[in-house]
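Trainee: prediction below, plus the sequence it came from.
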Amino acid sequence: MSKYVLSINLLSDMCVSDGGVYNSSLDTEVVYDSYGFPYIPAKRIKGCLREIALELEDMGLGVKADELFGAEGNAVGQIRVSDAYLDGIDEFRKEIKNNDSKLYHPQNVLNLYTYVRTQTSVDYDKGVADETSLRSMRVVKKGNMFIADIEIMDDSMAESLKKCIVALRHMGISRTRGLGEVKCSLKEKEGGDSVTSFKPESEANRLYYTIDLKEPVIVKSINGGEARSLDYIEGSKVLGIIAERLKKSGEDITDFLQNNKMFFSNAYIADGDERMVEVPASLYAVKDDDKTIIDSAVVDQSDKESRQLNQVKHCYVSVKDGKIIKKTTVKMEDRYHHRRPEDKSIGRSVKNDGNSDFYSMSSICEGQKFCGFIHGAPEQIEKISELISKDSKAYIGYSRMSEYGLVEINLVKSEICKTEKVEEPVKELNIKLESPALIYDDNAMYSMNQDVLVDEILSCLGIKGDKEDLIEDVKSFINYGQIGGFNVTWGYRKPIVGVFEKGSFVKIKFKEAQNITIPENFVIGERTVEGLGEVSIVNVNKDKEYKLESDSEIKDLVVVDVSENKLAKDIADMLFAKYVPFYASKILKDFIKGFDRKKKEAYRPTVSNMILMCSENSSLEGVEESVIRRYDKVSEEKKEKKERAKKIIRFIRDNTDDETNRMIKEFEESYSISSYRNENCQMLLLKEFLVCLKYSIRAEKEGEKNE
């Protein structure tokens, strides 16, 4: 396998649209990320390269498109393409993360690299624009460079790919109307796989890890397929990564798992390195009070009936002593894609063409961190640690060959877990499912009966005897769901079956206190190696209600030093160009204060002449010299024009003096920045001030005519 870097240089403006419409003033929007940076989705790059490959194949140049890019069904291609981002994107993102400032608003970042173009269609019979045909489109400015990573699984296909890269000349929409001209190049990527030096402690049987999402990840759900992704990473996905690496190292995964002790937990959203878990199903919120939490496993029925309660919606929480400390949800996104018809002269999806389609794919947003663990025998943990340490990069989920699935796995810690025999007998047990549980009944059939769940729990804790003699009361708060899956080795789907969903909570009260033994890895049911059946014994909050603690706090205003941040300086320059006209119109009121109509009108020829002088000079001093050359005459009229021009120049200097520079100071205060410098600020202000004064005089004259 070889790794390459694809460079895409824009020779003209380009629009790669995602099909979404986000405001009424724009008909076609470009694709951009959460920071506001435009990018080229990997599927668009791969689609364009495939088109070229088909043409080269028809020309008999030795390129086989299906072998290179894959085909419908299970024919996997030999290349993997990532999204193409702006050159230097990592430094820009780091700058934004280090400076929490409104200057870096996504729309400011987007406007830095793009602008809006308008177009219309013409009625050739009348020679005018068609009614309602005006369209607006955002485009990425030419001259920008985009970078994408490409991996070639079969090195023999490298030459075919290079031919496609050289022939790729256009991307995006309106390619026949001047947009999307590109120049692409391919070079080998420097540096190898990322290697870590983590080593688990001796005899450790549990390994904790985090998964950092470098790209969006699709974890297919039963009900929605790729159109609706799960918001966590199933343990089977991590198992698949380990199985693939074991296969490459020459080991058999069946032999590796034969002791039946392995458990790959689901990876849930993390806060730092802390794993959040599903909110217990027993928790309810008081209506119109999102801070007060009621634990139905503790309160009496009368307390519930006295107010309206709603079960806390699905989210992930950090719980300590029965109280929720933090609450969060996973960020999800939908991306739009289309498949063009076989007739490649049609540049869009066609509704009635069976091979064409416009569809969306749901995914977990990139940039988030998930946490999980692996349990097994010490030798298994040591082997897994070795496999992950050799290369922390991995691919998870659906559509891994383009745009989705790239993650980085980091090993956090290891520990030794032992079977624990609780010293004091237990009168009450509070059991929570941390992952879905798939359980058989006595007839070897999948069951969703609460009694079967309780039997399984008691069996795992070593409690024996007839339930009627043991148990006084059971309070259950059960969530139900379904699971399925796909077996890659067999090439068949797994059966869809019902499960007890994560978050399910069972409170068991015994007639007499019982001795319990907590296994080193507390799991129940079937398919536990894939992360199903994870169980925890929890402490409940003894208070009947408590307040949800909020981690939100008012952040201090961040002042960004633009002299030390390149992206901030570029954005500031863009915003300053828009701020100058506003400032000019603002100070105009001070300049013309006390002017009557006659005095205003007297400035009109001077303003017109000075606008021309501005186009001929690059500095305020140059304009001043032009004023002297033009008006340094003996006539009274010229002297008056000279004084008016000098008054305007003095007024501009008062606002842009190097020591005071009122305009720069007000601009810095408006956007919370410091150390901003613009060598051309005097000329910028003079030009805009003259335009404002010109139209003010014109408006005065029009008002006089109307009277």
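Mentor: In hand now; what should we look at?

Trainee: now do the strands in the stretch 51-200 of the chain.
Mentor: For the stretch 51-200 of the chain, strands defined by DSSP state E, counting those that start in this stretch occupy the ranges 79-81, 85-86, 114-119, 122-123, 128-129, 135-140, 145-152, 182-188.

Trainee: given the fifth one, what are its sheet partners and their directions?
Mentor: As defined by DSSP bridges, the strand partners of strand 128-129 come to strand 122-123 (antiparallel).

Trainee: save the strands of the stretch 51-200 of the chain as CSV, and put in mean neighbour count and mean pLDDT too.
Mentor: Heads up, the C-betas are built off the backbone N, CA and C, glycines and all. Output for the strands of the stretch 51-200 of the chain, formatted as CSV (neighbours: other C-beta atoms under 10 Å; pLDDT from 0 to 100):
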stretch, mean neighbour count, mean pLDDT
strand 79-81, 23, 91
strand 85-86, 18, 95
strand 114-119, 14, 90
strand 122-123, 11, 84
strand 128-129, 12, 84
strand 135-140, 20, 90
strand 145-152, 19, 94
strand 182-188, 14, 93
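
Trainee: looking at the ones you listed, which is nearest to residue 593?
Mentor: Comparison of the strands of the stretch 51-200 of the chain against residue 593 by C-beta to C-beta identifies strand 114-119 as nearest, at 36.7 Å.

Trainee: residues making contact with the closest one?
Mentor: 13, 26, 30, 38, 134-141 (C-beta atoms under 8 Å, 6 or more residues apart in numbering).

Trainee: could the strands of the stretch 51-200 of the chain go into JSON lines alongside distance to residue 601?
Mentor: Shown next, in JSON lines, are those (distance: least, C-beta to C-beta, whole Å):
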{"stretch": "strand 79-81", "distance to residue 601": "65"}
{"stretch": "strand 85-86", "distance to residue 601": "51"}
{"stretch": "strand 114-119", "distance to residue 601": "36"}
{"stretch": "strand 122-123", "distance to residue 601": "42"}
{"stretch": "strand 128-129", "distance to residue 601": "38"}
{"stretch": "strand 135-140", "distance to residue 601": "39"}
{"stretch": "strand 145-152", "distance to residue 601": "52"}
{"stretch": "strand 182-188", "distance to residue 601": "54"}
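
Trainee: so which pair among the contacts of strand 114-119 is furthest apart in space?
Mentor: 38 and 134 (23.4 Å).

Trainee: nearest to residue 627, of the strands of the stretch 51-200 of the chain?
Mentor: Closest to residue 627 of the strands of the stretch 51-200 of the chain is strand 114-119 (C-beta to C-beta; 35.0 Å).

Trainee: only C-alpha atoms, please: export the closest one in CSV.
Mentor: This file holds the C-alpha atoms of strand 114-119, laid out as CSV (Å, rounded to 0.1, in the frame of the first residue of the first chain):
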residue,chain,number,x,y,z
THR,A,114,-15.5,32.7,-1.3
TYR,A,115,-17.8,35.3,-2.8
VAL,A,116,-21.3,35.3,-4.4
ARG,A,117,-21.8,35.5,-8.2
THR,A,118,-25.1,36.2,-9.9
GLN,A,119,-26.3,35.1,-13.3
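
Trainee: pairing partners for that strand, with directions?
Mentor: By DSSP bridges, strand 114-119 pairs with strand 135-140 (antiparallel).

Trainee: alpha carbons only: can I get stretch 382-393 in CSV?
Mentor: Taking Å, rounded to 0.1, in the frame of the first residue of the first chain, the C-alpha atoms of stretch 382-393 are listed here in CSV:
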residue,chain,number,x,y,z
GLU,A,382,-0.7,-7.3,25.2
LYS,A,383,-1.2,-8.4,21.6
ILE,A,384,-4.0,-5.8,20.9
SER,A,385,-1.9,-3.1,22.4
GLU,A,386,1.0,-4.0,20.1
LEU,A,387,-1.3,-4.0,17.0
ILE,A,388,-2.7,-0.6,17.8
SER,A,389,0.6,0.9,18.8
LYS,A,390,2.1,0.0,15.4
ASP,A,391,-0.4,2.3,13.6
SER,A,392,-3.0,4.4,15.4
LYS,A,393,-4.8,5.3,12.2
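
Trainee: other residues contacting it?
Mentor: For stretch 382-393, contacts defined as C-beta under 8 Å, 6+ apart pick out 193-200, 207, 209, 214, 242, 245-246, 249, 256, 374, 376, 406-411, 414.

Trainee: number of nearby residues for residue 699?
Mentor: 11 (other C-beta atoms under 10 Å).

Trainee: confirm that it sits in a strand.
Mentor: No - when classified by DSSP: H, G, I helix; E, B strand; the rest coil, residue 699 is found to be helix rather than part of a strand.

Trainee: can you pull out the strands in the stretch 501-650 of the chain?
Mentor: Ranges of strands within the stretch 501-650 of the chain are 505-514, 517-518, 535-537, 545-547, 560-561, based on DSSP E, counting those that start in this stretch.

Trainee: relative to residue 62, which of those strands is closest?
Mentor: Using C-beta to C-beta, the nearest of the strands of the stretch 501-650 of the chain to residue 62 is strand 560-561, at 53.5 Å.

Trainee: and that closest one, what does it pack onto?
Mentor: The helices and strands touching strand 560-561, judged by 3 or more C-beta pairs under 8 Å, 6 or more residues apart in numbering; DSSP states H and E, are strand 673-674.

Trainee: quick one: strands adjacent to the strand it packs on?
Mentor: As defined by DSSP bridges, the strand partners of strand 673-674 come to strand 560-561 (parallel).

Trainee: so for the partner strand, mean pLDDT?
Mentor: For strand 560-561, the mean per-residue pLDDT is 91.

Trainee: for stretch 416-431, give the mean pLDDT please.
Mentor: Stretch 416-431 comes out at a mean pLDDT of 87.

Trainee: how far off centre is it?
Mentor: Relative to the chain's own centre, stretch 416-431 is displaced by 42 Å; criterion: C-alpha atoms, centre = their mean, to the nearest Å.

Trainee: repeat for stretch 437-448
Mentor: 40 Å.

Trainee: ends of it, what's the gap?
Mentor: Length of stretch 437-448, first residue to last, C-alpha to C-alpha, to the nearest Å: 9 Å.

Trainee: neighbouring contacts of that stretch?
Mentor: 449, 452-453, 456, 480, 483, 497-500, 504, 524-527, 532-533, 535.

Trainee: would you write out the ChimeraX command that picks the buried residues out of the residues you listed?
Mentor: Only the buried entries of those go into this ChimeraX selection, using 16 or more other C-beta atoms under 10 Å:
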select :452,453,456,483,497,499,500,504,524,525,527,532,533,535
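
Trainee: in helices, which of the contacts of stretch 437-448 appear?
Mentor: Counting by DSSP state H, the contacts of stretch 437-448 place 452-453, 456 in helices.

Trainee: between these, which is nearest residue 613?
Mentor: Nearest to residue 613, judged by C-beta to C-beta, of those is residue 453 at 86.4 Å.

Trainee: tell me who's in contact with the closest one.
Mentor: Residue 453 touches 437, 439, 476, 478, 500, 504, 506, 524, counting by C-beta under 8 Å, 6+ apart.

Trainee: could you dump these to a markdown table with pLDDT and distance to residue 315?
Mentor: A markdown table is the format used below for these (pLDDT from 0 to 100; distance: C-beta to C-beta, whole Å):
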| residue | pLDDT | distance to residue 315 |
| --- | --- | --- |
| 437 | 93 | 20 |
| 439 | 91 | 25 |
| 476 | 90 | 21 |
| 478 | 92 | 18 |
| 500 | 93 | 19 |
| 504 | 93 | 15 |
| 506 | 92 | 20 |
| 524 | 92 | 24 |
